[in-house]
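Q: Provide a 3D model corresponding to the input given below.
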Amino acid sequence: MRTRLDKVPIAWANLTHNHKNLANALAGITFAVLLMFMQVGFLNSLLDSTVQFLKILDGDLFLISKQTASTSDNEEPFARARVFQARRFPGVLQAHYVHLDRKFWKNTENHLKKNIRVVAIDPDVPVFLDPEINSQLEDLKKDDVVLVDRLSKKHFGPITKGVRTEIEDRMFSVVGNFTLGTDFGHSGTVIMSDKNFLNLFKDEDELNAERKRVELGLIKIDPAADLQRIQEDMRKEFAQDLLVLTREEIIAMERYYWLEGTPVGFVFGLGTVMGFIVGTIICYQVLFTDILNRLQQFATIKAIGYSNRYLVGTVVRQSLILAVLGFLPGLLLSQVIYHIISRLLHLPMNLGEVQVILVLGLTLVMSAGSGLIAARKILDADPAELF
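A: The predicted structure follows:
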């Protein structure tokens, strides 16, 4: 009898005996998987979106103020002369600056004003890796013109080439577009020349101060030079007021700030934990109910000599089958929702292998743990008391 019983897929038979209960169970697991994918997706979107601007900048080393916690929320300028001083170091090919600020953009349709990120550069110097932006630098030399990110939020109104609107009450014309995307700190981005940027300041004292400061320095190093040595020399020279970071370091700093320095990362991390807990509860309820309904059958198997280990293994196998069957539709639904959110919000919602493996691992642990907890009912049961 044992040999015959071992050949019967008891775990699968228990799950598929009642199709309605199986469908309800899978719906619950799928919901938990989807919830975890959404939280992981938004967390990755947060981290990816906040560094996409840094990734299009053409620099080997980056200069920022020591007071700066985040380049996307940068309100700590430093002396522009520091950028020029960086040109003196052997091995440095170029050293240029970028102004970063927020200004009010006027929607030409409803006349509402919204904050938009302003990136100001010297148009004679290509500081971007994006060919689309670099091809339009000549246009930025004109007075009162801007390039606008075509993925900026709709509340800015028309942003296509030829649109005329106000930035800080000064009339500007849109001479072109580029593709960047929004993040959790900025709904849109414009690029202009440093000359036009300075024209936005009406107060003479503020204008004079702005001429002398920048928010970001970009250093290009000769490929044949020792980047690490140049970085160490610059750090000694600028130790009093600046950080000298590689591309990888400044991206890591930005990610760390949003993950650990703001409540946003905590919220999405908590959401993932909540999805795990919800899934655990759902899976436990499904398995516990199934055990109660089949307690006599389990008792029969136990009475004929099968060990508690075998019975617990059966329940755990049921839980793992539920995990896999519930994970697949959750994965497919997540891909669809990621695509929709990415198109609507212009945020990078990407489903990579790491996210899939992470959520799959959480789902398997969630289900196996639920199975072990639910199986205690079998361990506590005495076969003699069940007949």
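
Q: so after the helix or strand harbouring residue 365, what's the next helix or strand?
A: Element membership for residue 365 (DSSP states H and E) is helix 353-374. Using DSSP H and E, the helix or strand that directly follows helix 353-374 along the chain is helix 376-380.

Q: What helices and strands are in contact with that next one?
A: helix 263-293, helix 295-303, helix 308-345 (3 or more CB pairs under 8 Å, 6 or more residues apart in numbering; DSSP states H and E). The C-beta positions use only the backbone N, C-alpha and C, and glycine is treated the same way.

Q: List the contacts of it.
A: Helix 376-380 has contacts (CB atoms under 8 Å, 6 or more residues apart in numbering) with 288, 291, 292, 295, 298, 302, 308, 311, 312, 315.

Q: Kindly report the same for stretch 201-220.
A: Contacts of stretch 201-220 (CB under 8 Å, 6+ apart): 57-65, 68, 71, 74, 76-83, 86, 92-101, 127, 197-198, 234, 242.

Q: Residue 365: which of the helices and strands packed on helix 376-380 is closest?
A: helix 263-293 (8.1 Å; CB to CB).

Q: Which elements pack onto the closest one?
A: helix 19-49, helix 247-260, helix 308-345, helix 353-374, helix 376-380.

Q: gap between residue 70 and residue 231?
A: In this structure, residue 70 and residue 231 are 21 Å apart, going by CB to CB, to the nearest Å.

Q: would a markdown table of the helices and strands packed on helix 376-380 with mean pLDDT be doable?
A: A markdown table is the format used below for the helices and strands packed on helix 376-380 (pLDDT from 0 to 100):
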| stretch | mean pLDDT |
| --- | --- |
| helix 263-293 | 81 |
| helix 295-303 | 75 |
| helix 308-345 | 88 |
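
Q: about what we covered before: what's the PyMOL line that selects buried ones from the contacts of stretch 201-220?
A: Selecting only the buried entries of the contacts of stretch 201-220 in PyMOL, with 16 or more other CB atoms under 10 Å as the criterion:
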select buried, resi 57+58+59+60+61+62+63+64+65+68+71+74+76+77+78+80+82+83+86+92+94+95+96+97+98+99+100+101+127+197+234+242
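
Q: now the helix holding residue 365: mean pLDDT?
A: If you average the pLDDT over helix 353-374, you get 89.

Q: which ones are touching the nearest residue in space to residue 78 that is not next to it in sequence?
A: Beyond its immediate neighbours in the sequence, the residue positioned closest to residue 78 (CB to CB, 6 or more residues apart in numbering) is residue 65, lying 4.4 Å away. By CB under 8 Å, 6+ apart, the contact list for residue 65 reads 76, 77, 78, 215, 241, 242, 243.
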